[in-house]
Structure formats: C-alpha cells, structure tokens
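Colleague: Any chance you could fold what I've pasted below:
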Amino acid sequence: MAETSPIIVWIRRDLRLSDHGALSAAEATGRPVIPVFIRDNLVDGLGAAPKWRLGLGIAKFAEALEAKGMRLILRSGSARDVLEALAKQTGASAVFWMRAYDPQSVQRDTDVKAALKDRGIEAQSFAGHLLFEPWSVQTKQGGFYKVFTPFWREARTHAVAVPLRAPSNLRAPETWPESEAFEDWHLGAAMRRGADVVLPYVRLGEAAAQGRLGAFIASKVADYGEHRDLPAEDGTSGLSENLSLGEISPAQCWQAGRRAMEEGKPGAETFLKELVWREFAYHLMWHTPHLLTDNWRQEWQVFPWNEDARRAEVKAWQQGRTGIPFVDAGLREMYVTGRMHNRVRMIVGSYLTKHLLCHWKIGQRWFEDCLIDWDPASNAMGWQWVAGSGPDASPYFRVFNPATQREKFDPQRVFVDRWIAEGRKSPTPEALSYFEAIPERWGMRASDAYPEPIVALDEGRKRALGAYENKGF
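Modeller: Okay, here's the model as predicted:
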C-alpha cells in the first residue's frame with residue numbers, strides 16, 4: 001500500500017512550484033499527491049496585512065496547481081488533527097512539508113512529526129526557505145555567529161543548492177478529498193477599505209516574483225549599491241514580499257545574483273549581502289529565539305522605554321502625524337503600498353525608539369499588522385538593531401537625525417512630497433491614497449494642516465542620550 005498510497009504535501013509559506021523540495025520529492029515517488037493548506041492558529045494570529053496578503057498568495061498558488069491538473073485542499077483546525085484526519089480519509093501514508101524556523105512553527109512541526117510517526121505515517125521536512133540551514137554556518141569554535149560581517153564571510157563560502165525545476169508530472173489522486181471554500185475564510189477582513197488601496201502595489205505569485213527578479217538583474221542590480229538607499233528611486237528588487245511567502249526561493253535569488261556578479265555587475269555583491277542579512281536574522285532567531293519577544297542584549301532589560309502603546313505620541317507616530325516629514329512619509333508609504341523602503345524603516349524605527357523613547361515592541365507589533373512583506377525574523381532583528389538592544393547593532397547611542405537623513409537620501413524631497421498631502425496645493429495621487437486607506441475613525445483629511453513636531457529633533461536626541469547615560473550604557 002505504501003508504494004501506491006497518496007502523499008500529502010502540507011503547504012505553508014512556500015507558495016511556488018519550482019525549487020519546492022517537498023513537491024519534487026513527492027513527484028519523484030510517482031504516487032498521488034494531495035496538496036493541503038491548513039488554517040491553524042498561527043495563520044489566524046497573523047496581522048491584518050500579512051493575513052490578507054497570504055490569502056491572495058494561497059488563491060494564486062491554487063490556480064497554479066489547477067493548471068497542472070491538481071487542487072489545493074483547504075482545511076481549518078489544529079495541523080496535527082487535520083493531517084491525521086486527512087491521512088485516514090485518503091489512505092495517505094506520508095506527509096511532506098517545507099521547514100519553518102520560528103519557535104511556534106518549530107514546536108508545531110515537531111509535535112506533528114511525532115504524532116504522524118506514532119501512527120505509522122512517514123513525515124519528512126525539506127529545506128528551501130533559507131539558503132543555509134541555521135545550524136550549518138558555525139564559527140571555528142563551533143558556536144553561532146553574533147556579528148554579521150564574519151557571518152557573511154563564512155556563509156559566502158558555503159555552497160547553495162541548485163534550485164529544483166517545477167514538477168511536470170504531479171499525479172492526482174483518483175478521488176479528491178473535500179475542501180473548505182476559500183471565500184469562507186475571509187482572510188482579508190481586517191484590512192477593510194485598505195485592501196483596495198494596497199492591491200495595485202501587490203506583485204502576486206510565482207510568475208510575478210520571477211519577473212521581478214529578472215527585471216532587477218537586467219536593469220537595476222548594477223546600480224543597486226548606490227540606489228538602494230534612495231527611497232524616491234525604484235532601485236531595489238522588491239522581492240521581500242515574495243520571499244516572505246515563498247513565492248520565490250532565496251536560492252533562486254542567490255543564483256541570479258551570483259551570475260550577475262560573475263558578469264561584473266557592481267551592485268550584485270551588495271544584493272547577495274542583503275540576502276545573507278535575511279539569513280543572519282533567521283540564524284539568530286533559531287539560536288536565540290528570544291530575539292522575537294525580548295531584548296536580545298539582557299542589559300537592556302532595565303532601559304526605561306515607554307511600553308504604553310496608547311500614548312498620544314505613539315498614536316501620532318502610527319498615523320504618520322509626527323510632524324517630521326521623512327518619518328511620516330515612510331509610515332504613509334506603508335499604509336498605501338504595504339511595504340516601506342528599508343532606509344526609511346531605519347529612520348522610522350529610530351525615531352520611535354530614540355526620539356520618543358518607546359519600546360521597540362510597539363513598532364514591531366505595528367509592522368506585524370501593516371506589512372505585506374512581514375517576516376518574523378527580519379522584523380524582529382530590524383527593530384532590535386535600530387533600537388540598539390539587538391545583535392550587531394549600530395552603536396546604541398547613534399540617533400538617526402531624520403532631517404539630515406532626508407537631506408542626504410531625499411535631497412529634492414521627491415519621496416516626502418510623494419507621500420504627504422497636507423499643505424500642498426496639488427498633492428500626488430499616492431499622498432491622497434493614504435486617506436483612502438486609513439481607518440475612517442482617525443478623522444484625518446488631506447486638507448488638514450500639517451502638524452508641528454511632537455518632539456523637536458534636538459530635544460529627542462538629548463533625551464535619548466541622557467537615558468543611555470543614566471542607565472550606565
């Protein structure tokens with residue numbers, strides 16, 4: 001029976017056909033394949049924008065499977081219960097899936113694997129969400145890296161697996177099990193009216209991701225080192241959205257970047273470093289999972305951050321009404337597009353954690369709710385890095401000045417003017433879209449006066465430096 005019984009392929013954040021180890025392994029057996037996506041508590045716990053974007057990705061991936069003569073079965077409930085029931089119903093003797101690395105997923109997957117094996121069901125997990133398994137890049141002493149530069153030097157010596165082709169001969173079961181209706185899941189409900197505003201900025205599915213990568217390598221990667229810090233320029237790959245849901249694999253991005261570097265395109269190595277920075281975040285999340293929930297550096301436990309997200313200055317920050325144009329523009333970009341330029345993320349994060357002395361967890365949670373490219377490891381490490389409490393942080397006492405950063409990276413105010421409407425006779429369509437995306441209860445209008453700074457930049461900097469000094473940092 002095991003030689004002819006179906007294999008269940010549990011789909012998670014790996015919404016692609018190519019370079020998909022679990023699908024390829026299942027195809028190689030010649031046995032029927034039943035792809036399933038499970039709406040469990042981890043899915044239900046996602047923020048508004050990530051959950052909405054996940055829903056779009058699931059629907060697109062289902063279309064790709066249908067084009068192969070397959071289906072994506074949808075089920076809700078505990079992953080363990082769903083898989084056990086589905087295996088019993090279909091006679092499946094194996095379950096394959098692609099690995100996840102955050103603590104909640106690891107615990108869930110460990111429990112599922114043990115339960116399936118207890119029932120005599122084969123359970124296999126496959127690599128592919130990362131370039132390197134987190135335990136495979138080690139220091140000479142056998143430990144894990146805590147600083148990026150030596151991690152990069154070591155990681156670049158490791159071979160990256162050649163991406164797998166898309167399955168061409170997936171075998172469907174004779175009878176498909178019943179599936180829940182996708183429209184009944186309402187994964188985008190919390191986005192409300194913002195969904196229509198963000199949707200035009202989404203690049204959905206595997207084909208779009210591959211197109212994005214190809215266009216970037218062809219026309220942008222050469223100048224990536226200079227243009228990636230300019231928020232008014234379309235100088236980045238934009239692939240964070242697709243990488244977060246596995247619509248493209250990091251190995252596919254790496255191989256394209258390596259080819260570009262070998263062709264002498266000067267920005268290609270910087271692109272590879274950014275891919276490895278993502279790896280570094282996962283490396284640290286695996287070895288020190290408290291990165292997601294607590295100060296990575298224990299000495300920061302005593303730092304007097306404000307932890308009350310209801311305070312007026314936090315609300316002003318969330319609404320893009322701080323009175324600091326570069327900060328506000330970044331937050332508004334996030335509301336309209338679902339993403340925020342990386343340089344601007346640093347400025348926005350620094351302002352919250354240093355000028356306003358608010359805990360990085362407030363920002364982390366806000367981004368968890370608002371970003372369509374949300375990623376647990378990158379989000380946590382980014383916030384802790386800019387706050388100074390995390391690994392490989394810039395000197396903790398460095399306080400980014402949003403005004404001088406704007407002068408350096410947006411000297412003509414193109415980015416700022418694109419996203420801020422107040423005080424302008426002819427606001428851009430993007431700036432006006434912000435007022436269509438935000439909750440109506442905020443009561444904001446483009447005709448409002450632009451606010452005065454809630455905290456003067458020099459005052460906020462002095463306050464932050466004083467807090468560091470008083471705590472002996």
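Colleague: When you work out contacts or count neighbours from here on, use the C-alpha atoms and nothing else.
Modeller: OK.
Colleague: Would you map out the domains in this structure?
Modeller: 1-128, 130-161+192-287, 298-468 (automatic domain parsing).
Colleague: what's the closest of these to residue 174?
Modeller: Nearest to residue 174, of all the domains of the chain, is domain 1-128, at 8.2 Å by C-alpha to C-alpha.
Colleague: can you list the residues that contact stretch 306-320?
Modeller: 322, 327-332, 352, 356-359, 361-362, 366, 454 (C-alpha atoms under 8 Å, 6 or more residues apart in numbering).
Colleague: avg pLDDT for it?
Modeller: Across stretch 306-320, pLDDT averages out at 97.
Colleague: Just the terminal-to-terminal distance for that stretch.
Modeller: Terminal residues of stretch 306-320 are spaced 19 Å apart (C-alpha to C-alpha, to the nearest Å).
Colleague: residues of that stretch that come out buried?
Modeller: Using 16 or more other C-alpha atoms under 10 Å as the test for burial, stretch 306-320 gives 309, 313-314, 316-320.
Colleague: Could you tell me which strands sit next to the top strand by length along the chain in the sheet, and their orientation?
Modeller: Secondary structure of the chain per DSSP state E: the longest strand is strand 33-39. Paired with strand 33-39 in the same sheet, following DSSP bridges, are strand 7-11 (parallel), strand 73-76 (parallel).
Colleague: about what we covered before: got JSON lines for the domains of the chain, with distance to residue 185 too?
Modeller: Output for the domains of the chain, formatted as JSON lines (distance: least, C-alpha to C-alpha, whole Å):
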{"stretch": "domain 1-128", "distance to residue 185": "9"}
{"stretch": "domain 130-161+192-287", "distance to residue 185": "15"}
{"stretch": "domain 298-468", "distance to residue 185": "18"}
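Colleague: out of those, nearest to residue 176?
Modeller: Nearest of those (C-alpha to C-alpha): domain 1-128, 7.9 Å.
Colleague: From the chain's centroid, how far away is that closest one?
Modeller: 20 Å (C-alpha atoms, centre = their mean, to the nearest Å).
Colleague: Over to stretch 191-201?
Modeller: 18 Å.
Colleague: out of the domains of the chain, which comes closest to residue 171?
Modeller: Across those, closest to residue 171 is domain 1-128 (C-alpha to C-alpha), at 4.7 Å.
Colleague: if we can go back for a sec, buried deepest among the strands paired with strand 33-39, which one?
Modeller: Counting by mean count of other C-alpha atoms under 10 Å, strand 7-11 has the highest mean neighbour count of the strands paired with strand 33-39, with a mean of 25.
Colleague: pull the CA atoms of that strand into PDB?
Modeller: What follows is strand 7-11, C-alpha atoms only, in PDB (Å, rounded to 0.1, in the frame of the first residue of the first chain):
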ATOM      1  CA  ILE A   7       1.500  11.700  -0.200                       C
ATOM      2  CA  ILE A   8       0.100  14.800   1.500                       C
ATOM      3  CA  VAL A   9       2.200  17.900   0.800                       C
ATOM      4  CA  TRP A  10       1.500  20.400   3.600                       C
ATOM      5  CA  ILE A  11       1.800  23.800   2.000                       C
END
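Colleague: The helix or strand just after it packs against which elements?
Modeller: Next helix or strand after strand 7-11 toward the C-terminus (DSSP states H and E): helix 21-29. In terms of contacts (3 or more C-alpha pairs under 8 Å, 6 or more residues apart in numbering; DSSP states H and E), helix 21-29 is packed against strand 7-11, strand 94-98, strand 122-126.
Colleague: average pLDDT for the helix or strand following the last one?
Modeller: Using DSSP H and E, the helix or strand that follows strand 122-126 towards the C-terminus is helix 148-155. Looking at helix 148-155 alone, the average pLDDT works out to 96.
Colleague: Show me where the stretch 1-150 of the chain dips below the pLDDT cut-off.
Modeller: 1-2 (pLDDT under 70).
Colleague: run the last query once more with 80
Modeller: 1-3 (pLDDT under 80).
Colleague: Return the residues in contact with residue 74.
Modeller: Contact analysis of residue 74 by C-alpha under 8 Å, 6+ apart lists 36-39, 179-182.
Colleague: Residue 468: which of those is nearest?
Modeller: residue 39 (44.0 Å).
Colleague: who wins for neighbours among the contacts of stretch 306-320?
Modeller: Among those, residue 332 has the most neighbours (other C-alpha atoms under 10 Å), with 28 neighbours.
Colleague: right, and that one touches residue 421 too?
Modeller: No - Residue 332 is not in contact with residue 421 according to C-alpha atoms under 8 Å; the separation is 10.3 Å.
Colleague: okay, and the common contacts of these two?
Modeller: residue 431.
Colleague: so which helix or strand takes in residue 251?
Modeller: helix 250-262.
Colleague: returning to that earlier point: export the buried residues of stretch 306-320 to TSV and tack on secondary structure and distance to residue 163?
Modeller: Shown next, in TSV, are the buried residues of stretch 306-320 (DSSP: H, G, I helix; E, B strand; the rest coil; distance: C-alpha to C-alpha, whole Å):
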residue	secondary structure	distance to residue 163
309	coil	44
313	helix	47
314	helix	44
316	helix	45
317	helix	42
318	helix	40
319	coil	42
320	coil	41
